[in-house]
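>>> need a structure here:
(chains A and B)
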Amino acid sequence: MANLLFYLFAALTVGFAFAVVFNKNTVNAALCLLLSLIGVAGVFALLDALLLSVLLILVYAGAVVALFLFIVMLLNPQAASPKPYKKISAAAGTIAAALLGLGLWSFVSHGELSSAPATAVFQSGLKDYGAKLFTTYLLPVEVVGFLLLIAMLGVIVLSKKFEGLEDVK
Amino acid sequence: MTIGLNEFLILSALLFAVGFFGVLVRKNTLVIYMCLELMLVASTIALVAFSRFNGILDGNVFVFFILTVAAAEVAVGLAIIVALFRKRGTVQVDQLNALKN
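Down below sits the predicted model:
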């Protein structure tokens, strides 16, 4: 059963990832990204990371994809060009991605990874996250909070009209 | 055959390669950005899988931070794309060649 679910979610993830790459319509690409992320959330659930799978849906579906759709519709890029990619860059991209994928795959399949089954009991409740986040990882939590503040300020500055700056031509 | 660590890592590698392919091939900045997100998520699958198969929570906590940073990164990145569009009127990378020549 778990095997079947794994293959289902893996197929969902990779299939819709390909759909993101090959879709000519940007809105469709964003929706395919959403479906792909739902597959990833399923994989997380299979790995007993239920909190992360819920968070992934919340953060990505609720914020990131919504933001993408918002920006796509705001910019409305002039009717997606008939050819979304050049032939030469498609060939180069295929070769590069194939090399990278092959390298990673051979690293994974020939590496000295222990094939021991996962431990039966895995503590991944909200309480365990809280205990980790507020003891061992207290400083990173503070830093990430600061990062969010800086990002917010950065977005406000970037969204202002740039007046007095001459156009770069 | 039971699903082990290798299957999850292969899925992660495959998703990363697909995202990388998209980044190299596409011309629309927004789609390139979506493919970058795919690469980021692919790396988190590897982290969660390692964490699960080692029986420790640290990898999951890292993914927690990665999600936070990804949200901030998307907000800033899209703001940059909007500023770029206002300035140049396009988001196609082959038309953004002000530094060429």
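>>> Please count neighbours and contacts with C-alpha atoms only from this point.
Noted.
>>> What helices and strands are in contact with the longest helix seen in chain B?
For chain B, the helix that runs over the most residues, judged by DSSP state H, is helix B:58-88. The elements that helix B:58-88 packs onto, with contact taken as 3 or more Cα pairs under 8 Å, 6 or more residues apart in numbering or on different chains; DSSP states H and E, are helix A:50-56, helix A:65-75, helix A:126-133, helix A:138-159, helix B:29-54.
>>> between those helices, which one is nearest to A:Ser36?
Proximity of those to A:Ser36 was assessed by Cα to Cα; the nearest stretch is helix B:29-54, lying at 8.5 Å.
>>> Any idea how many residues pack against the residue of chain B found nearest chain A?
When Cα to the nearest Cα is the measure, chain B has its nearest residue to chain A at B:Phe53, with 4.5 Å between them. Using other Cα atoms under 10 Å in any protein chain shown, the number of residues around B:Phe53 comes to 19.
>>> can you give me the angle the longest helix of chain B makes with helix A:138-159?
Using axes from the mean of the first three to the mean of the last three Cα atoms, to 10 degrees, the inter-axis angle of helix B:58-88 relative to helix A:138-159 is 10 degrees.
>>> which helices and strands does the helix or strand of chain A with the lowest mean pLDDT pack with?
Taking mean pLDDT, DSSP states H and E as the measure, the helices and strands of chain A show their lowest mean at helix A:87-110, namely a mean of 82. For helix A:87-110, the packing partners by 3+ Cα pairs under 8 Å, 6+ apart come out as helix B:5-25.
>>> for the residue nearest to the spatial centre of chain A, what are its contacts?
Centroid-nearest residue in chain A, with Cα atoms, centre = their mean: A:Leu37, separated by 6.8 Å. Counting by Cα atoms under 8 Å, 6 or more residues apart in numbering or on different chains, A:Leu37 makes contact with A:Thr13, A:Leu56, A:Ile57, A:Tyr60, A:Ala61.
>>> who wins for neighbours among these?
Neighbour count (other Cα under 10 Å) singles out A:Thr13 as the most crowded of those, with 30 neighbours.
>>> so that residue is in which element?
Take DSSP states H and E as the rule and A:Thr13 turns out to sit in helix A:2-22.
>>> Can you give me the buried ones in that helix?
When neighbours are counted by 16 or more other Cα atoms under 10 Å in any protein chain shown, the buried residues of helix A:2-22 are found to be A:6, A:9-10, A:12-22.
>>> out of the residues you listed, who's near chain B?
When the buried residues of helix A:2-22 are filtered against chain B using Cα under 8 Å from any Cα of the partner chain, the residues retained are A:Phe6, A:Ala10, A:Thr13, A:Val14, A:Ala17, A:Phe18, A:Val20, A:Val21.
>>> and the fourth one, how far is that from B:Tyr33?
Right, the one you point to is A:Val14. Shown here: A:Val14 relative to B:Tyr33, a distance of 17 Å by Cα to Cα, to the nearest Å.
>>> Equivalent analysis for A:Asn23, please.
With distances defined as Cα to Cα, the gap from A:Asn23 to B:Tyr33 amounts to 14 Å.
>>> what's the answer for B:Arg88, then?
Taken as Cα to Cα, the span from B:Arg88 to B:Tyr33 is 18 Å.
>>> of these two, who's got more company?
Applying other Cα under 10 Å to B:Arg88 and B:Tyr33 shows that B:Tyr33 carries more neighbours, namely 20 against 15.
>>> residues contacting that one?
Going by Cα under 8 Å, 6+ apart, the list of residues near B:Tyr33 reads B:Val23.
>>> How confident was the prediction at it?
Among the per-residue scores, B:Tyr33 holds a pLDDT of 92.
>>> Can you lay out the contacts of A:Leu37 as CSV showing pLDDT?
Putting these into CSV (pLDDT from 0 to 100) gives the following:
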residue, pLDDT
A:Thr13, 94
A:Leu56, 92
A:Ile57, 92
A:Tyr60, 87
A:Ala61, 83
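>>> Nearest to A:Lys161 among the residues you listed?
The shortest gap between A:Lys161 and any of the contacts of A:Leu37 belongs to A:Tyr60, at 28.1 Å (Cα to Cα).
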